[in-house]
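J.: my questions concern the predicted model and sequence given below.
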2 protein chains.
Amino acid sequence: MATMHDVARLARVSVSTVSYVLTGTRPISQATRDKVLAAMAELDYQPNAMARGLASRRSRILGLLMPMDERGLGATETAFVTGAAAAASAAGYHLVLSPVGGGDLDDLRRLASQRMLDGVVLMEVQLADERVTVLQEAGVPLVLIGRTGDTTALSYVDIDFEQTVREAVAHLVGLGHRSIVYVNHSAATLASGYGPALRTRDAFVSAMAGHGLEPLMIPAEDSAAGGRAALAAAFARAPELTAVLAMNETAIFGILGELTGRGLSVPDDVSVVSMVTSPQVAELATPALTAMTSPGSAMGRIAIEALLRHLDGTGDERHQQLLPCALEIRGSTAVPRRPTTDAPGRPPDDGG
Amino acid sequence: MATMHDVARLARVSVSTVSYVLTGTRPISQATRDKVLAAMAELDYQPNAMARGLASRRSRILGLLMPMDERGLGATETAFVTGAAAAASAAGYHLVLSPVGGGDLDDLRRLASQRMLDGVVLMEVQLADERVTVLQEAGVPLVLIGRTGDTTALSYVDIDFEQTVREAVAHLVGLGHRSIVYVNHSAATLASGYGPALRTRDAFVSAMAGHGLEPLMIPAEDSAAGGRAALAAAFARAPELTAVLAMNETAIFGILGELTGRGLSVPDDVSVVSMVTSPQVAELATPALTAMTSPGSAMGRIAIEALLRHLDGTGDERHQQLLPCALEIRGSTAVPRRPTTDAPGRPPDDGG
DNA sequence: ACGCTTCGTCGAAACGCTTCGACGATCACT
DNA sequence: AGTGATCGTCGAAGCGTTTCGACGAAGCGT
């Protein structure tokens, strides 16, 4: 393995000159540059990443931190990861995948102090997330996917849940639905302060209110069985319901199964919209799901790009961006068979 | 940020002594060790990863190389990744995620020469994979998830497709099915030398032969539409078919939809077995799919552990391991409504 | 022709650790 | 008491870069 010394000797220049050619930190004449480049090519030289990292105090390694609890990642999170990896790679950076749960605060501190990571993207952020504090104290440049409750002085990319819910509800209301249930994540998840669950809940309430409709939200465990149970609960509370809006990607298949089991057809009897869903998953169902398509790999990419901008130091402004999910109409939504409105245009008086 | 010098000064020992305490490379008396440990604690010392890497020529970073082509990872591949990340993390290693396609051979060479990666796990291996050669030439310790055609001198973990197929077929035959179609990946994928597709094809042929049955394989594009088309083709070729075995996780949902569309019930009219599938995905379908459950995160973990054993250098033997998928019976398989056998035990004469 | 910048290059000092050879002290046997 | 081992520690030489200060050579205006 050739070193910079070898290159320098072959090109008959000093080591520092080779370094300047490589980094462009100082002007080098074309003639010298060519000599050096030729020597590098001949020796098949590749700079040693560790040495470079030590000397420059920049590892060119970024971290992607995710709690890797229970069942692996969903399709949406996976897209974040691949998007981030691709973006980092394209920028000449490496991306290390670190499973750091909320409990491993000490691990995290250690990781941050090792000076191996130039910066970090944090996934699956809670509304109150101590990991953010730890990282900030360690002075590690940080971008969130998701966001905490207080985002002052923080950079983040997150889904625009407010708008996503509003659009989904508008789509259903536009079709003529008046009784819409929102199937959220589990009660435990809500209680833990999981941002997406809380934000969509609030957005749903206000979106429904905007149409003069009564909001009904049911939490569901992250499983097919949870979806079934939720649907049963929904029908118990609102027998007239004609539309389901579901945040819970896992539960939604249970919902579909339960619907079929009750002899109800999708979309003729009940319309279903899946929130924050990848197209691949939406296509799995029969009929294919009308869904709010998550920005997927773009989120990961944008987070990395924001992080890199931080590192370049030029702007130390925060990057705060919300990405809406795009409504993609497939086969699971339609005009309800028997509209529940008494008269079109008139606000309904179903306020129990 | 405290350095080793600071620790040494505070503990009134030499720098090398501190290093020995940290690495255990040489014996250190209990008294000295305690002093040093106390000093480290007081200064909140964390060794600098880059410096350590440079001096020891071991970065403690492992690479996970995957082509990140088209549509992100499936649930099975995602499980490999998370399993690998967890195992690396548990062993005190970092895992970098590198998207390196089959075309980026130069990128790969560069990556390998940077001396940043102590070793590498290569995913999505083709039967003839140049990346393996590049890595071997660069002298990077290597473990495959999947395997090439010639595995001499290579370490790998792979799924035992032979046995998985045999078990799946045995399950169906045991239920009384005689006409079974195997829905594989696309013709293009087969032509590209994708190991799993080829190996399951051969295994299917021989498993069916073992039962005296005629094998029928249909390739399918990786999409719901591809699954539908494949099922249509299957019925055209074998109208009497009562069971589908599917390798193609994406196509299988199309198959189910098409079955329902034709007024056929699963499992009463047609049984369906999904190969190399994660439980989460199997649960998504209605009815939940009987499936050969992929070893998931275990594969990633085993690959990393084998790689680490290589690095420890003790045994430079290859690690070659095949993991079978476990048959998990759910709701998509049953005794066929009308068995296609003319007489039990007698080999059928359906060889057209 | 004079000083003054700017350009292009060099040598040497970090960066923070590991590791090697050396060396006194201790210990177990003769 | 003498002789090797073994143990515990130290100092110094790297590891392969980056980066800083210095310095001769040009180029400029006057």
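T.: Done, it's in. Numbers count the residues shown, from 1 in each chain, chains lettered A, B, ... in the order given.
J.: how about the strands in the stretch 1-150 of chain A?
T.: With DSSP state E, counting those that start in this stretch as the criterion, the stretch 1-150 of chain A has strands at A:61-66, A:94-99, A:119-122, A:142-145.
J.: which other helices and strands contact whichever helix or strand comes after the last one?
T.: Read it as strand A:142-145. Proceeding N to C from strand A:142-145, the next assigned helix or strand is strand A:155-159, under DSSP states H and E. Judged by 3 or more C-beta pairs under 8 Å, 6 or more residues apart in numbering or on different chains; DSSP states H and E, the packing partners of strand A:155-159 are strand A:142-145, helix A:297-311, strand A:320-323. Heads up, the C-betas are built off the backbone N, CA and C, glycines and all.
J.: touching chain B at all, stretch A:185-203?
T.: No - using C-beta under 8 Å from any C-beta of the partner chain, stretch A:185-203 stays clear of chain B, coming no nearer than 15.7 Å.
J.: next, the distance between the ends of that stretch.
T.: 14 Å (C-alpha to C-alpha, to the nearest Å).
J.: now that stretch: average pLDDT?
T.: If you average the pLDDT over stretch A:185-203, you get 93.
J.: what's the spacing between the closest residue to DNA strand C within the stretch 251-352 of chain A and A:S59?
T.: The nearest approach of the stretch 251-352 of chain A to DNA strand C comes at A:L311, 18.1 Å away (C-beta to the nearest atom of the strand). Distance, A:L311 to A:S59, by C-beta to C-beta, to the nearest Å: 11 Å.
J.: okay, the two: which has more neighbours?
T.: Neighbour count, other C-beta atoms under 10 Å in any protein chain shown: between A:L311 and A:S59, A:S59 has more, with 26 against 15.
J.: which intervals of chain A have sub-threshold pLDDT?
T.: A:70-72, A:314-316, A:338-352 (pLDDT under 70).
J.: so it: which segments form each domain?
T.: Domain assignment of chain A by automatic domain parsing yields the ranges A:4-47, A:61-159+A:297-324, A:161-294.
J.: figure out which of the helices and strands packed on strand A:155-159 is closest to B:V140.
T.: With C-beta to C-beta, the closest approach to B:V140 among the helices and strands packed on strand A:155-159 belongs to helix A:297-311: 25.2 Å.
J.: how far off centre is the closest one?
T.: 12 Å (C-alpha atoms, centre = their mean, to the nearest Å).
J.: could you export that helix as PDB, CA atoms only?
T.: Provided in PDB are the C-alpha atoms of helix A:297-311 (Å, rounded to 0.1, in the frame of the first residue of the first chain):
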ATOM      1  CA  SER A 297     -35.600   8.100   0.700                       C
ATOM      2  CA  ALA A 298     -35.900  11.800   0.100                       C
ATOM      3  CA  MET A 299     -36.100  12.400   3.900                       C
ATOM      4  CA  GLY A 300     -32.900  10.500   4.400                       C
ATOM      5  CA  ARG A 301     -31.200  12.400   1.600                       C
ATOM      6  CA  ILE A 302     -32.300  15.800   2.800                       C
ATOM      7  CA  ALA A 303     -31.300  15.100   6.300                       C
ATOM      8  CA  ILE A 304     -27.800  14.100   5.200                       C
ATOM      9  CA  GLU A 305     -27.500  17.100   2.900                       C
ATOM     10  CA  ALA A 306     -28.500  19.400   5.700                       C
ATOM     11  CA  LEU A 307     -26.000  17.800   8.000                       C
ATOM     12  CA  LEU A 308     -23.200  18.200   5.400                       C
ATOM     13  CA  ARG A 309     -24.100  21.900   5.100                       C
ATOM     14  CA  HIS A 310     -23.700  22.200   8.800                       C
ATOM     15  CA  LEU A 311     -20.300  20.600   8.600                       C
END
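J.: any residue of that helix touching DNA strand D?
T.: No - looking at helix A:297-311 against DNA strand D by C-beta under 7 Å from any atom of the strand, there are no contacts, and the closest approach is 12.8 Å.
J.: can you pull the buried residues of that helix?
T.: A:297, A:299-310 (16 or more other C-beta atoms under 10 Å in any protein chain shown).
J.: stretch A:53-68 now?
T.: A:53-54, A:59-68.
J.: tell me the one of those nearest B:H319?
T.: Looking across the buried residues of stretch A:53-68 and measuring by C-beta to C-beta, the closest to B:H319 is A:M68, at 24.3 Å.
J.: tell me the contacts of A:G226?
T.: A:186, A:220, A:248, A:250-251, A:254 (C-beta atoms under 8 Å, 6 or more residues apart in numbering or on different chains).
J.: state the pair within the buried residues of stretch A:53-68 that is farthest apart.
T.: A:L54 and A:P67, at 30.7 Å, using C-beta to C-beta across these.
J.: render the CA-only coordinates of stretch A:42-55 in CSV, please.
T.: Extracted C-alpha coordinates of stretch A:42-55, given in CSV (Å, rounded to 0.1, in the frame of the first residue of the first chain):
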residue,chain,number,x,y,z
GLU,A,42,1.3,4.8,-11.1
LEU,A,43,1.4,3.8,-7.5
ASP,A,44,-2.3,3.2,-7.3
TYR,A,45,-2.3,5.5,-4.3
GLN,A,46,-5.3,5.8,-2.0
PRO,A,47,-5.1,8.1,1.0
ASN,A,48,-5.3,6.4,4.3
ALA,A,49,-8.6,7.3,5.9
MET,A,50,-7.5,6.9,9.5
ALA,A,51,-4.4,9.1,9.1
ARG,A,52,-6.4,11.7,7.3
GLY,A,53,-9.0,11.6,9.9
LEU,A,54,-6.5,12.0,12.7
ALA,A,55,-4.7,14.8,11.2
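J.: does any part of that stretch sit near DNA strand C?
T.: Yes - using C-beta under 7 Å from any atom of the strand, stretch A:42-55 reaches DNA strand C at A:51, A:54-55.
J.: ok, A:A233 touching A:I218?
T.: Yes - under the contact definition of C-beta atoms under 8 Å, A:A233 touches A:I218, with a separation of 5.2 Å.
J.: okay, those two: which has more neighbours?
T.: A:I218 (22 against 16).
J.: which residue packs closest to that one, ignoring adjacent ones?
T.: Nearest residue to A:I218, sequence neighbours excluded (C-beta to C-beta, 6 or more residues apart in numbering or on different chains): A:A230, at 4.7 Å.
J.: do the same with A:T3
T.: That would be A:N48: by C-beta to C-beta, 6+ apart, it lies 7.2 Å from A:T3.
J.: neighbours of A:D107, how many?
T.: Neighbours around A:D107, by other C-beta under 10 Å: 15.
J.: no no, A:D268
T.: 12.
J.: secondary structure element for it?
T.: Going by DSSP H and E, A:D268 is not in any helix or strand.
J.: which ones are touching the closest residue to it other than its chain neighbours?
T.: Take A:D268 and drop its neighbours on the chain: the residue closest to it by C-beta to C-beta, 6+ apart is A:R337, 5.5 Å away. By C-beta under 8 Å, 6+ apart, A:R337 lies in contact with A:242, A:268-269.
J.: is it true that A:M292 touches A:T277?
T.: Yes - here A:M292 reaches A:T277: they are 6.7 Å apart, a contact under C-beta under 8 Å.
J.: circling back to that earlier point, shared neighbours, A:L311 and A:S59?
T.: With C-beta under 8 Å, 6+ apart as the test, A:L311 and A:S59 both reach A:D118.
J.: so how far is A:L311 from A:V134?
T.: On the measure of C-beta to C-beta, A:V134 and A:L311 end up 19 Å apart.
J.: for A:L43, same thing?
T.: For A:L43 relative to A:L311 (C-beta to C-beta), the value is 30 Å.
J.: equivalent analysis for A:V140, please.
T.: Counting by C-beta to C-beta - A:V140 and A:L311 are separated by 11 Å.
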